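*Asks:* What follows is a predicted structure for the sequence shown.
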Amino acid sequence: WKVIPGVLLAVIIVVLGFYLYKNYMGKKEVEAQDAIAAAQTAFGQQQFEQALNGSGNSKGFLKVIDEYSGTKTANLAKLYAGLSYAKIDKVDEAIKYLEDFSAQDDQMVSPAIKGLLGECYANVGEIDKAINAFKEAAKMADNNTISPRYLIEAGIMLESQKKADEALKLYQEVKTKYVNSPYYQEVDKYIERLSK
């Protein structure tokens, strides 16, 4: 019987802690959404340095990430930061924030972000990582619009590594799996080149 009050107390503390955390995070999320608005506007106006660092009283994406860690808005700010750095050719920083962004399981945004990561890896010479990112983006999307593009990108990089057989498999996947793709005819030239 002496144990029961302690257990009840522990349960109450856990429930109260969870409630207070949810309430705190709710308020923090609202604050974060207010804080990110100016940075999003700057991003929309292609003022990427200002979007990253803020100006005057407005916070940039980097400050939002730092001050509102754990919120969905801070996660979104990581994506914006990665895109902003990519736009100003700071590829290493872009990779850092894009890798840190936690994507949702949708069939358009997540694969596009993975594909952008592939392009960033390629820009810094990390070809194996780029190939894997492109293949993963194609698999995540599994549609006629995005998948063939990334499979072809991965194939071209595999060719640059003298891995013609692996590249050919990717090109043939486009030809057999994505017949309604705008890349369906285009991929023939890659297949023909490797089939000689």
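*Replies:* Yep, it's here. Computed from a predicted model, the values in this text were never measured in an experiment. Numbers count the residues shown, from 1 in each chain.

*Asks:* residue contacts, the residue lying closest to Val124 once chain neighbours are set aside?
*Replies:* Distances taken as C-beta to C-beta, 6 or more residues apart in numbering place Val91 nearest to Val124, at 5.4 Å, with adjacent residues excluded. For glycine as for every other residue, the C-beta is placed from the backbone atoms N, C-alpha and C. When contacts are counted by C-beta atoms under 8 Å, 6 or more residues apart in numbering, Val91 touches 85, 120, 123-124.

*Asks:* Drop anything exposed from these.
*Replies:* Using 16 or more other C-beta atoms under 10 Å as the burial test, those include 85, 120 as buried.

*Asks:* In helices, which of the contacts of Val91 appear?
*Replies:* 85, 120, 123 (DSSP state H).

*Asks:* What score does the second one have for pLDDT?
*Replies:* It stands for Cys120. Here the pLDDT value assigned to Cys120 is 94.

*Asks:* what do you get for Tyr171?
*Replies:* Per-residue confidence (pLDDT) for Tyr171: 96.

*Asks:* And Asp105, by the same measure?
*Replies:* 63.

*Asks:* With Asn75 instead?
*Replies:* 92.

*Asks:* same deal with Ala141?
*Replies:* 89.

*Asks:* swap in Gly70?
*Replies:* 87.
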